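S.K.: sequence and predicted structure, then a few things I'm wondering about:
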Amino acid sequence: MNTPSIAVRELIAESQERGRFNLTLRIGTPYPASDIDWACPVAIEGLPHQLADMHGVDSWQALMLAISLARSQLEHFLERGGKLYWPGEEDSGPLSISEILSRDAC
């Protein structure tokens, strides 16, 4: 990610192939990508693929699209049998997407 992170969430992930490992969600600072659009970096460190910056008509839309991409990547991980936990609370049971990303997860 080439811009500073404006939001970071640390998790513990678990998959059958890899066991438990650290997973970090990062949302970068939206930036003007051209005269007509904005982009927002998004990364999920710990998963094997790099995500493209999300583009929108303004900084708000780019940010919302970046969050949506992070959500869909985590949903895909869970659908394939992965599990997510708060660090240090792995014995409390796996988390749902809404526990990780919803407004009630504060």
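M.R.: It's in.

S.K.: tell me the contacts of residue 37?
M.R.: For residue 37, the residues meeting the contact criterion (Cβ atoms under 8 Å, 6 or more residues apart in numbering) are 55-57, 62. C-betas here are computed from N, CA, C, even on glycine.

S.K.: quick one: low-confidence ranges for this structure?
M.R.: Under the criterion of pLDDT under 70, the regions of the chain flagged as low confidence span 1, 103-106.

S.K.: kindly list the longest helix within it.
M.R.: Using DSSP state H, we find that the single longest helix of the chain is helix 59-79.

S.K.: now it: buried residues?
M.R.: By neighbour count on 16 or more other Cβ atoms under 10 Å, the buried set for helix 59-79 is 61-63, 65-67, 69-71, 73-74, 77-78.

S.K.: export these to TSV and tack on distance to residue 13?
M.R.: Listed next are the buried residues of helix 59-79 as TSV, based on distance: Cβ to Cβ, whole Å:
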residue	distance to residue 13
61	28
62	26
63	24
65	23
66	19
67	18
69	17
70	13
71	15
73	11
74	9
77	7
78	10
